[in-house]
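Student: Pasted the sequence and its predicted model underneath.
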Amino acid sequence: MDMLLHALAASLAPETVFAVAVGSLLGVLFGAIPGLTFTVAMALVVPVTFSLPSEPAIGLLLGTYIGGMTGGSVSAILIGIPGTPSAAATVLDGYQMTRRGRASIALGTAVAASAVGGFVSLVVMMVSVDLVARLAMRFGPAETFALLLFGLSTICGLSEKSFLRGLIAGVLGLMVMTIGIDALDGVQRLTFGTVTLQQGVNLLVAMIALFAVPHVIDAFVQYYRNEKQVDAGTDVRAELPSPGELLRHGWLMLRCSLIGTGVGAIPGTGGPIAAFLAYSHARKSSRTPERFGKGAIEGVVAPESANNAVTGGAMIPLLSLGIPGDPATAILLSALLIHGLIPGPMLFIEHPDTIYGIYILIILAYVFVVAIQLLGIRFFVQLLRVPAHLLAVGIIVMCGYGAFSIRNSVFDVYSVAVLGLLAYGLIQARIPLTPIILGLVLGPALEREFRTALILSRGEADIFISSVPSALFLGLAALVVGGQILRSLRGILAARKAETPSHASADTEPRP
């Protein structure tokens, strides 16, 4: 009890509370701007933490981490461009809600779902940090590959109607992610002898291109055709979903929060994977899956609950084993080491007050993030009052700057232009972009885990069925793919049967 009171006093000290507030604000701002992710914000504030005591330093980084994970939904919902890769799944229904004039309720839902996901993951972390860490460490390369393959098996289901178009889009995403130099063998892939292509296509650059450029082109096309723009900015109230609506989706939020916590606890995964897995789960478990992609509120609830639950999940292996699960927790690990705190089992014995303090700081960070988001909704939605063609100019400038700032490379700016034009052409050909994003997100980790597993087994493929989790996820992936193929075949047969009577009646008509 004394340790808890000491941690409470240190965490609620004015300088610590101020540091958490500043970090939360920075995280929301950096997360909301495409290209400037919360990882960049954390890297920028790390030098500031050198001169701070441990509690404010950790609070500043945790606030930036949590605020950035939540802030990515702002631009995803308002302008259809994810501020962070973790918000890519939120675009699918969040932006459609904005186009229907429900921007405020979409933002409010994202805030509520994010808070629930964060608090659920925190509870799981507090009560089962050792157990979950041990289970997560049992996920070797083969088990992680099977989990990612299961997530990738949903790729054709995201194409709505055409199985083939979804497959084409998924393969395109996997092809784009292979561009560059292979990390294991050093072999050039799809570079065509060009030196600039050796650095590959950055995931965030590809997302900016696929989401932003088609949006900008479409805005200019509508302007020059004098088409009526969608007025989504008339309702600028700070609106939250009603308690009844939250309760109705409470079970979905809990399930997706647990998905996010579990995925976050597996090193090498992260928010994008958790968000898409949760989105796929919500769609498959819905009684009306056809509403997804058209403004379903569940399409905002599921990914936002999951990607924010990753924050608590990623802290589990970090604190208990000293293993960071993503770049953000790697930065946090460096800050802990700088302040003489070595994550691992001994941290719970030697510095229990620090562990309690981290729990309190996470709660405090979510309180600040929710407050910032709620107070900012009415200002965020005002952005929609700007004429679409003028907003498009600002978007393309912001995206160009964001793409350049990721690696200080002009090549990334050119990549945004080329991939954006390609994405606009694919949209016109009715090829969905979502499977491309899923291929980009899951592809690198899928390849890495597959090759690592084969290296460990010396080329023996039975490693993928030697454990229960691996065999289970592979079986689920086979069932999902088989079900999608059967559904596609039934659709083709039904369409042919519908055409047959009309052709038959036309053939039997008497000729004049």
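Tutor: Noted; the coordinates are in hand.
Student: Relative to residue 99, how far out is residue 294?
Tutor: 10 Å (C-beta to C-beta, to the nearest Å). (C-beta placed from N, C-alpha, C; glycine too.)
Student: between these two, what contacts are shared?
Tutor: Residues touching both residue 294 and residue 99 by C-beta atoms under 8 Å, 6 or more residues apart in numbering: none at all.
Student: and residue 310, that's in a strand?
Tutor: No. The assignment for residue 310 by DSSP: H, G, I helix; E, B strand; the rest coil gives helix, which leaves it out of any strand.
Student: now for the lengthiest helix in the chain, which elements pack on it?
Tutor: Ranked by residue count and defined by DSSP state H, the top helix of the chain is helix 468-508. In terms of contacts (3 or more C-beta pairs under 8 Å, 6 or more residues apart in numbering; DSSP states H and E), helix 468-508 is packed against helix 141-152, helix 163-178.
Student: Now with 10 Å, please.
Tutor: helix 141-152, helix 163-178, helix 271-285 (3 or more C-beta pairs under 10 Å, 6 or more residues apart in numbering; DSSP states H and E).
Student: which one of the ones you listed lies closest to residue 430?
Tutor: Nearest of the helices and strands packed on helix 468-508 to residue 430, taken as C-beta to C-beta: helix 163-178 at 6.8 Å.
Student: mind listing what's buried in the closest one?
Tutor: 163, 165, 166, 167, 168, 169, 170, 172, 173, 174, 176, 177 (16 or more other C-beta atoms under 10 Å).
Student: how about the closest residue to residue 467 other than its chain neighbours, what does it touch?
Tutor: Setting aside the residues directly before and after it, residue 467 is nearest to residue 143 in space (C-beta to C-beta, 6 or more residues apart in numbering), at 6.0 Å. Residue 143 makes contact with 136, 266, 449, 453, 463-464, 466-474, according to C-beta atoms under 10 Å, 6 or more residues apart in numbering.
Student: again, 7 Å this time
Tutor: 467, 469, 470 (C-beta atoms under 7 Å, 6 or more residues apart in numbering).
Student: from those, which is closest to residue 339?
Tutor: Distance to residue 339 across the contacts of residue 143 (C-beta to C-beta) is lowest for residue 469, with 36.2 Å.
Student: need the contact list for that closest one.
Tutor: With C-beta under 7 Å, 6+ apart, residue 469 has these contacts: 139, 143, 146.
Student: again with residue 288
Tutor: Contacts of residue 288 by C-beta under 7 Å, 6+ apart: none found.
Student: how close does it get to residue 298?
Tutor: As judged by C-beta to C-beta, residue 288 and residue 298 stand 9 Å apart.
Student: now do residue 312
Tutor: 22 Å.
Student: Among the buried residues of helix 163-178, show me the least confident.
Tutor: Across the buried residues of helix 163-178, the smallest pLDDT goes to residue 163, namely 69.
Student: Which stretches in the stretch 351-500 of the chain count as strands?
Tutor: For the stretch 351-500 of the chain, strands defined by DSSP state E, counting those that start in this stretch do not occur.
Student: where do the helices sit along it?
Tutor: Under the criterion DSSP state H, counting those that start in this stretch, the stretch 351-500 of the chain contains helices at 352-382, 388-407, 410-428, 434-456, 468-508.
Student: Ok, the stretch 151-300 of the chain next?
Tutor: Using DSSP H, counting those that start in this stretch, helices in the stretch 151-300 of the chain cover 163-178, 203-224, 243-248, 250-264, 271-285, 298-321.
Student: CSV for those, including distance to residue 74?
Tutor: As requested, the helices of the stretch 151-300 of the chain are arranged in CSV below (distance: least, C-beta to C-beta, whole Å):
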stretch, distance to residue 74
helix 163-178, 25
helix 203-224, 14
helix 243-248, 20
helix 250-264, 19
helix 271-285, 15
helix 298-321, 11
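Student: Out of those helices, which is closest to residue 414?
Tutor: Among the helices of the stretch 151-300 of the chain, helix 203-224 comes nearest to residue 414, with 9.9 Å by C-beta to C-beta.
Student: which stretches of the stretch 201-350 of the chain have low pLDDT?
Tutor: Scanning the stretch 201-350 of the chain for pLDDT under 70 picks out 227-240, 267-269, 321-323, 325-326, 344-345.
Student: Comparing the helices of the stretch 351-500 of the chain by mean pLDDT, which bottoms out?
Tutor: The minimum mean pLDDT among the helices of the stretch 351-500 of the chain belongs to helix 468-508 (a mean of 73).
Student: Compute the inter-axis angle for that one and helix 271-285.
Tutor: Relative orientation of helix 468-508 versus helix 271-285 (axes from the mean of the first three to the mean of the last three C-alpha atoms, to 10 degrees): 50 degrees.
Student: what about helix 468-508, distance to the chain center?
Tutor: 30 Å (C-alpha atoms, centre = their mean, to the nearest Å).
Student: Between helix 141-152 and that helix, find me the angle.
Tutor: Here the directions of helix 468-508 and helix 141-152 differ by 30 degrees (the same axes, to 10 degrees).
Student: Report the central residue of this protein.
Tutor: residue 86 (1.9 Å; C-alpha atoms, centre = their mean).
Student: these two touch, right, that one and residue 72?
Tutor: Yes. Using C-beta atoms under 7 Å, residue 86 is in contact with residue 72, at 5.7 Å.
Student: any idea what sits nearest residue 319, other than its immediate chain neighbours?
Tutor: In space, residue 319 is closest to residue 343, 5.3 Å off (C-beta to C-beta, 6+ apart).
Student: same thing with residue 147?
Tutor: That would be residue 473: by C-beta to C-beta, 6+ apart, it lies 5.1 Å from residue 147.
Student: same thing with residue 355?
Tutor: residue 348 (5.8 Å).
Student: From the contact counts, what lies against the strand or helix carrying the one you found?
Tutor: Taking DSSP states H and E as the criterion, residue 348 maps to helix 345-350. Helices and strands touching helix 345-350, by 3 or more C-beta pairs under 7 Å, 6 or more residues apart in numbering; DSSP states H and E, are helix 352-382.
Student: tell me what the helix it packs on is packed against?
Tutor: Other elements packing on helix 352-382 under the criterion 3+ C-beta pairs under 7 Å, 6+ apart are helix 2-11, helix 14-32, helix 54-78, helix 103-137, helix 345-350.
Student: Try it again at 6 Å.
Tutor: helix 2-11, helix 14-32, helix 54-78, helix 103-137 (3 or more C-beta pairs under 6 Å, 6 or more residues apart in numbering; DSSP states H and E).
Student: is it possible to export those helices to JSON lines including distance to residue 480 and mean neighbour count?
Tutor: Shown next, in JSON lines, are those (distance: least, C-beta to C-beta, whole Å; neighbours: other C-beta atoms under 10 Å):
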{"stretch": "helix 2-11", "distance to residue 480": "44", "mean neighbour count": "15"}
{"stretch": "helix 14-32", "distance to residue 480": "31", "mean neighbour count": "24"}
{"stretch": "helix 54-78", "distance to residue 480": "26", "mean neighbour count": "30"}
{"stretch": "helix 103-137", "distance to residue 480": "23", "mean neighbour count": "22"}
